[in-house]
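>>> Provided below for reference: sequence and predicted model.
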Amino acid sequence: MDDPSDRWIEVLSSFWSLPDGTLYRLRQGELDIAGIYELIRFLRTISIPDEATISKRLASLLWMLPTFMEWQTDRVIERGGSADALRTSVQLAYNEVERILGIP
């Protein structure tokens, strides 16, 4: 059976990649709500059994995602984007990452 984490890593990496990745563009202050919701929809497809271990790469792509998004609030505001829309997106991302990785 193929390890689905390889696909998850590939897709998550694309959200971080430049120049068109949603998270890369967010770092530039560009809030792409459609792209963010595409990311959230993708996160909802990830399901890791409780007894499973995950690769360091997958963990690194997931765990910092909501915090990174939140850190971009000032940049988004400076570029005329909606802080409220970003905050809503951040909360959705936190919810999904908690669901995927669990709570310590």
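Yep, it's here.
>>> and the helices in the chain?
Secondary structure of the chain (DSSP state H): helices at 4-16, 22-27, 33-43, 56-63, 65-71, 73-78, 83-101.
>>> ranking these by burial, who's on top?
For the helices of the chain, average neighbour numbers computed from mean count of other C-beta atoms under 10 Å are highest in helix 22-27, which has a mean of 20. Heads up, the C-betas are built off the backbone N, CA and C, glycines and all.
>>> what is that one packed up against?
Secondary-structure packing of helix 22-27 (3 or more C-beta pairs under 8 Å, 6 or more residues apart in numbering; DSSP states H and E): helix 4-16, helix 33-43, helix 65-71, helix 73-78.
>>> change it to 6 Å
helix 4-16 (3 or more C-beta pairs under 6 Å, 6 or more residues apart in numbering; DSSP states H and E).
>>> so what touches the helix it packs on?
Helix 4-16 has contacts (C-beta atoms under 6 Å, 6 or more residues apart in numbering) with 21-23, 39, 42, 46, 55, 57-58, 61.
>>> which one among the residues you listed gets closest to Leu92?
Taking C-beta to C-beta as the measure, Leu39 is the one of the contacts of helix 4-16 closest to Leu92, at 9.2 Å.
>>> which residue packs closest to that closest one, ignoring adjacent ones?
The spatial neighbour of Leu39 that comes closest, neighbours along the chain excluded (C-beta to C-beta, 6 or more residues apart in numbering), is Phe15 at 5.3 Å.
>>> before we move on, the earlier item: can you list the helices of the chain in CSV and add distance to Asp50 and mean pLDDT?
Output for the helices of the chain, formatted as CSV (distance: least, C-beta to C-beta, whole Å; pLDDT from 0 to 100):
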stretch, distance to Asp50, mean pLDDT
helix 4-16, 15, 95
helix 22-27, 28, 97
helix 33-43, 18, 97
helix 56-63, 15, 95
helix 65-71, 21, 96
helix 73-78, 33, 97
helix 83-101, 11, 97
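>>> just to revisit the earlier point, farthest-separated two in the contacts of helix 4-16?
Going by C-beta to C-beta, the pair spanning the contacts of helix 4-16 furthest: Thr22 and Ser55, at 22.0 Å.
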